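[1] Quick one: sequence and predicted model below, then my questions.
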Amino acid sequence: MDADPGVPISTPSTPSSSRTRTTRSRPLGARASDAPPSPRTASDSDPAAAPAAVFASATATSVGTPATSPFAALGLTQPLLKAVAACGYSRPSPIQEQCIPAVLAGWDVLAAAQTGTGKTAGFTLPLLERLLHGAHARSGVVRALVLTPTRELAAQVNDSVRAYSRFLDLRSDVVFGGVSPNPQIDRLRRGTDVLVATPGRLLDLHQQGAMKLDRVEILVLDEADRMLDMGFLRDIRRILALLPQRRQTLLFSATFSADIRHLATGLLHQPVQLQATPENQAAPSVEAILHPCDMARKPALLSHLIRSNDWQQVLVFSRTKHGANRVAEQLCHDGVQAAAIHGNKSQGARTRALSGFKSGELRVLVATDIAARGIDIQQLPHVVNLDLPNQAEDYVHRIGRTGRAGCVGQAVSLVAAEEHELLRAIERLLGERLPRREVPGFEPTVLSAPPLDLSGGRGRTPRGGGGGRASSGGRAASSGGRASSSGRAAGGGPAPTRRR
Ligand code: AMP
């Protein structure tokens, strides 16, 4: 691990040095060295000292008036408390309990938190609270910048910013690729308090003089691990060079790879480190099962499972864009309303598919890993892995889409012999063997086969390979077609073994 100046990662259940850290406050935009810490106690009504008490006093049933809301004890003021109440949040999630006071106190934050933990409100609420007390953005100025890896996540974060700032006089905006830049340029020239952006489009707009980034007071990197996976590191570094040295930086990541720690080391100053859920552990409310089957029969098995179990809302993960299209077509052919969502689809098609799925008009959404980031649907009942992911960690992210908010969800993986290596990596990560159940009529005939070639013809690439800017849908290993049941071997391995 690289040298890390921060405090150790804390979980909500353990007494945390981050709590100690958050009792010190820093003015917005100041570095740790600029503002010597001024120790205070809970009796000074420092919001940062409140989390433990808030957890104990919050009830799951009472939203409460804004003044008595547990969010008030974290240090948020009236307009934000009203917005939180309007969203129906009765108590802060663990990441919010930790993050809100830390951000309000001016600390840099390094947080391990996935979608579904409430992380967006965790950084947005205190960010808005801080901006609220400063001067409005002047023309061409951006005061807070939130970088996200995908368009979908950018749109979703922007929706949250709008919801939480509805009673505030702050201007927010979102910019991403795939749509005309001209209206974005016009809007940005007026000045933006909170700008949510994907890195590539942000740089393009900056190059065109749409806005300046040298007045940014708060920077948020959301899903930083995914940004690195997508080859955005160079863009991020270019953006950082445009920002002022004096700022507050918050970095959210589902995992803490060596790359993330390296990035964080140069970026964050004495960060408070937070963790929403233990890394690489699936939510206990997810019932995971796998159905062994032949590669070529997966679309038919998927269709059978959906129809025979009468599943009404199913998110299906496909390793490839081509595979996603093919299975969506097959499902529609079988009378199941389905659409595919991936980086080759236009922004309009992606937005339509997502809203159709959310509204229940579409029963099935077939997504690649990248496109699925940012899909936030409460209490999704079924997630299906049509293919196992190339990276074992993605299995955890994928099935985290179901079983949210205490609801039991079902995560089903269709696994062919060619994927046994991927399965072993997943089970090693989880530390347990996933239960297998053959589906009558779909029993596998191929029992062992050479592993898939995941390189897309370029040789195996490690996670995060690339370095250049990728399109929102493009991850190196995901563009190759799916192997046939005869097994497209990596480097010509042994012939498949069939059941007699
Ligand atoms: P996120 O992890 O930020 O993607 O948020 C996941 C979902 O949790 C979103 O739909 C939020 O609206 C919701 N959410 C965030 N904070 C709370 C809260 N304190 N109580 C209930 N729901 C919340």
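    Nice, I can see it.
[2] how near is Arg319 to Val415?
    Distance, Arg319 to Val415, using CB to CB, to the nearest Å: 12 Å. C-beta coordinates here come from the backbone N, C-alpha and C atoms, glycine included.
[3] Need the residues touching each of these two.
    Common neighbours of Arg319 and Val415, using CB atoms under 8 Å, 6 or more residues apart in numbering, are Leu388.
[4] Among the two, which residue is more densely surrounded?
    Legend: neighbour count by other CB atoms under 10 Å for Arg319 and Val415, higher for Arg319 (27 against 23).
[5] So the more buried one belongs to a strand, correct?
    No. If the criterion is DSSP: H, G, I helix; E, B strand; the rest coil, then Arg319 is coil and not within a strand.
[6] from what I can see it touches Asp394, true?
    No. In this structure Arg319 lies outside contact range of Asp394 using CB atoms under 8 Å: 9.6 Å.
[7] Can you check which residues contact both of those two?
    Contacts common to Arg319 and Asp394, judged by CB under 8 Å, 6+ apart, are Asp369.
[8] Quickly list the domain ranges of this structure.
    Domains of the chain are assigned by automatic domain parsing as 17-275, 286-498.
[9] Let me have these in a markdown table, adding mean pLDDT as columns.
    As requested, these are exported to a markdown table (pLDDT from 0 to 100):
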| stretch | mean pLDDT |
| --- | --- |
| domain 17-275 | 82 |
| domain 286-498 | 77 |
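[10] closest one to the ligand among those?
    Taking CB to the nearest ligand atom, domain 17-275 is the member of the domains of the chain nearest to the ligand, at 3.1 Å.
[11] Around the residue nearest to Glu419 when sequence neighbours are not counted, how many other residues sit close by?
    Leaving aside its sequence neighbours, Glu419 sits nearest to Leu388 (CB to CB, 6 or more residues apart in numbering; 4.7 Å). Number of residues near Leu388 (other CB under 10 Å) recorded here: 26.
[12] again with Ile260
    Every residue meeting other CB under 10 Å relative to Ile260 is counted, giving 22.
[13] residue contacts, it?
    Residues near Ile260 by CB under 8 Å, 6+ apart: Ala224, Asp225, Leu228, Leu251, Ser253.
[14] Point me to the helix or strand that includes it.
    Counting by DSSP states H and E, the element that carries Ile260 is helix 258-267.
[15] Tell me if the helix or strand just after that helix is near the ligand.
    Next along the chain after helix 258-267, taking DSSP H and E as the criterion, comes strand 272-275. No. Using CB under 6 Å from any ligand atom, strand 272-275 stays clear of the ligand, coming no nearer than 13.4 Å.
[16] circling back to that earlier point, with neighbour count added, can I get the contacts of Ile260 in TSV?
    Shown next, in TSV, are the contacts of Ile260 (neighbours: other CB atoms under 10 Å):
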residue	neighbour count
Ala224	30
Asp225	25
Leu228	23
Leu251	26
Ser253	24
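[17] Could you list which of those residues belong to strands?
    Those of the contacts of Ile260 mapping onto strands are Leu251, Ser253, per DSSP state E.
[18] and the contacts of Ile260 as JSON lines, adding distance to the ligand?
    Shown next, in JSON lines, are those (distance: CB to the nearest ligand atom, whole Å):
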{"residue": "Ala224", "distance to the ligand": "15"}
{"residue": "Asp225", "distance to the ligand": "15"}
{"residue": "Leu228", "distance to the ligand": "20"}
{"residue": "Leu251", "distance to the ligand": "15"}
{"residue": "Ser253", "distance to the ligand": "13"}
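[19] Quick check: the two most widely separated of the contacts of Ile260?
    Largest separation among the contacts of Ile260 by CB to CB: Leu228 and Leu251, giving 11.2 Å.
[20] Overlap of the contact sets of the two?
    By CB under 8 Å, 6+ apart, the residues touching both Leu228 and Leu251 are Ile260, Leu263.
[21] Run through the helices of the stretch 51-200 of the chain in chain order.
    Ranges of helices in the stretch 51-200 of the chain, per DSSP state H, counting those that start in this stretch, are 51-57, 70-73, 78-86, 94-104, 119-132, 151-164, 181-189, 199-207.
[22] now, of the ones you listed, which is deepest in the fold?
    Highest mean neighbour count among those (mean count of other CB atoms under 10 Å): helix 94-104, with a mean of 27.
[23] could you give the angle of it to helix 119-132?
    20 degrees (axes from the mean of the first three to the mean of the last three CA atoms, to 10 degrees).
[24] any idea how far Val316 is from Ser303?
    When distance is defined by CB to CB, Val316 is 11 Å away from Ser303.
[25] Those two: which is more packed in?
    Set Val316 next to Ser303 and count neighbours by other CB under 10 Å: Val316 wins out with 27 against 19.
[26] wait, is that one part of a strand?
    Yes. Using three-state DSSP, the assignment for Val316 is a strand.
[27] and it, what is it in contact with?
    Taking CB under 8 Å, 6+ apart as the contact definition, Val316 lies against Leu302, Ala324, Val327, Ala338, Val364, Leu365, Val366, Ala367, Val383, Val384, Asn385, Leu386.
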